[in-house]
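Q: Give the three-dimensional model of this entry:
(2 chains)
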Amino acid sequence: EADIYQTPRYLVIGTGKKITLECSQTMGHDKMYWYQQDPGMELHLIHYSYGVNSTEKGDLSSESTVSRIRTEHFPLTLESARPSHTSQYLCATRQFHEQYFGPGTRLTVT
Amino acid sequence: AQSVTQLGSHVSVSEGALVLLRCNYSSSVPPYLFWYVQYPNQGLQLLLKYTTGATLVKGINGFEAEFKKSETSFHLTKPSAHMSDAAEYFCAVSGEAAGNKLTFGGGTRVLVKP
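A: Have a look, this model is predicted:
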């Protein structure tokens, strides 16, 4: 079983602020993913990584950026938050055919 | 390309009644199929998965799903609903050719009435 941690769990922040959503995992999985989920809606892949120094954009265009300097860490950054970024962000890892999800960060930009 | 369609964004069932959530997929390669459950303010938890082999798959919490290639379906069932089954359920598909990326359906919210 994978342990995936996301911090903060909830964040309310003003427009224009820079924010970083943290995601870390303890299982050494190479593949990691970021999804964006609006309330009551499906998940959209916004970023993924197949290992250290590997990052790719997902299916949904996003103004966020990611980095993968260490296997266990996959942070997502918004340089200038806007109300349109209000959403839930879910981090996941993958091993073989299973994805494991973190608890999510619910972001509100006012 | 791959896609998933979940019929019904909301399903209401009585406690003790059958739960049936419908999922149809399209995939250009042999699919791997998944059902996830999401409780409020939480991440997704894997209920069950189909990769190869037996087409009837049993998962946690009494759920099962049957892969029907001819119908491109992977419907989720539970014989008797419990109040704790109230949640959002997502069907997802992936394939080796798609780089192991999951494509999710729109989700079905299940309400269980006492």
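
Q: what residue is smack in the middle of the chain?
A: Chain wasn't specified; assuming chain A. Nearest to the geometric centre of chain A sits A:Trp34, at 3.6 Å (Cα atoms, centre = their mean).

Q: To clarify, I was referring to chain B.
A: Residue closest to the average C-alpha location in chain B (Cα atoms, centre = their mean): B:Trp35, at 3.4 Å.

Q: Look up how far B:Lys78 lies from it.
A: Applying Cβ to Cβ, to the nearest Å, the value for B:Trp35 to B:Lys78 is 11 Å. Where you see a C-beta, it was placed from the backbone N, CA and C, and this is true even at glycine.

Q: What of A:Leu78?
A: 39 Å.

Q: before we move on, what about A:His73?
A: To B:Lys78, A:His73 is 38 Å away according to Cβ to Cβ.

Q: ditto for B:Ala92
A: Using Cβ to Cβ, B:Ala92 is found at 18 Å from B:Lys78.

Q: out of the two, which sits in the more crowded spot?
A: B:Ala92 (26 against 21; other Cβ atoms under 10 Å in any protein chain shown).

Q: Would you report the backbone torsion angles of that one?
A: With angles defined as degrees, to the nearest 10, B:Ala92 sits at phi -150, psi 150.

Q: which residues touch it?
A: By Cβ atoms under 8 Å, 6 or more residues apart in numbering or on different chains, the contact list for B:Ala92 reads B:Val4, B:Leu33, B:Phe34, B:Trp35, B:Tyr36, B:Leu102, B:Thr103, B:Phe104, B:Gly105.

Q: Then A:Gln6?
A: Residues counted as contacts of A:Gln6 (Cβ under 8 Å, 6+ apart) are A:Leu21, A:Glu22, A:Cys23, A:Tyr89, A:Leu90, A:Cys91, A:Gly102, A:Pro103, A:Gly104, A:Thr105.

Q: how about 6 Å then?
A: Contacts for A:Gln6 (Cβ atoms under 6 Å, 6 or more residues apart in numbering or on different chains) come out as A:Cys23, A:Cys91, A:Gly102, A:Pro103, A:Thr105.
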